[in-house]
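*Asks:* Structure, please.
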Amino acid sequence: MERLTWSKADKKCARVAFDVAYERECASILAELRKRVDAIHNSDDIWGINDYLWRKRREIRDKYDFRGSVLVKVLAHLILEGWITPDDLQGLSEEKRDLLSRGLGFFQNDSGTPEMKR
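*Replies:* Numbers count the residues shown, from 1 in each chain. Alright, predicted model coming up:
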């Protein structure tokens, strides 16, 4: 398989979307954390918060990988999870949009599944 190369413009567009997704997900974690803190009634609740944060930290660490070799997959995953939309990636080259569309299953349909506009 050929190594995927990223132009400066593609990297910039991907970075903006990547950072937007990260900030949105962190905001979601913070909102959940506030709910959990407000619901603390005993020491088990405190350790439950610790466990929640530990799981989320691992998920975030494993998910947000900006290496070019996995970036298309990461961006697709972020779209599927709802942290970004295909519109957030409209600045990508046609080649990268096609990779997202073809290779990672974004097809036009009426069911609300994310799709890449070509």
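
*Asks:* Please make it C-alpha for all contacts and neighbour counts, starting now.
*Replies:* Will do.

*Asks:* longest helix anywhere in the chain?
*Replies:* Among the segments of the chain that qualify as a helix by DSSP state H, the longest is helix 8-38.

*Asks:* For residue 33, give its distance to residue 57.
*Replies:* 13 Å (Cα to Cα, to the nearest Å).

*Asks:* I figured residue 9 was touching residue 92, is that so?
*Replies:* Yes. With contact defined as Cα atoms under 8 Å, residue 9 reaches residue 92; the gap is 7.3 Å.

*Asks:* Compare these two (neighbour count), which wins?
*Replies:* The neighbour comparison of residue 9 against residue 92 (other Cα atoms under 10 Å) goes to residue 92, with 18 against 12.

*Asks:* next one: phi and psi at that one?
*Replies:* Per-residue torsions, residue 92: phi -70, psi 150 (degrees, to the nearest 10).

*Asks:* need the contact list for the closest residue in space to it that isn't next to it in sequence.
*Replies:* Spatial nearest neighbour of residue 92, excluding adjacent residues (Cα to Cα, 6 or more residues apart in numbering): residue 10 at 5.1 Å. Contact partners of residue 10, counting by Cα atoms under 8 Å, 6 or more residues apart in numbering, are 91-93, 96.
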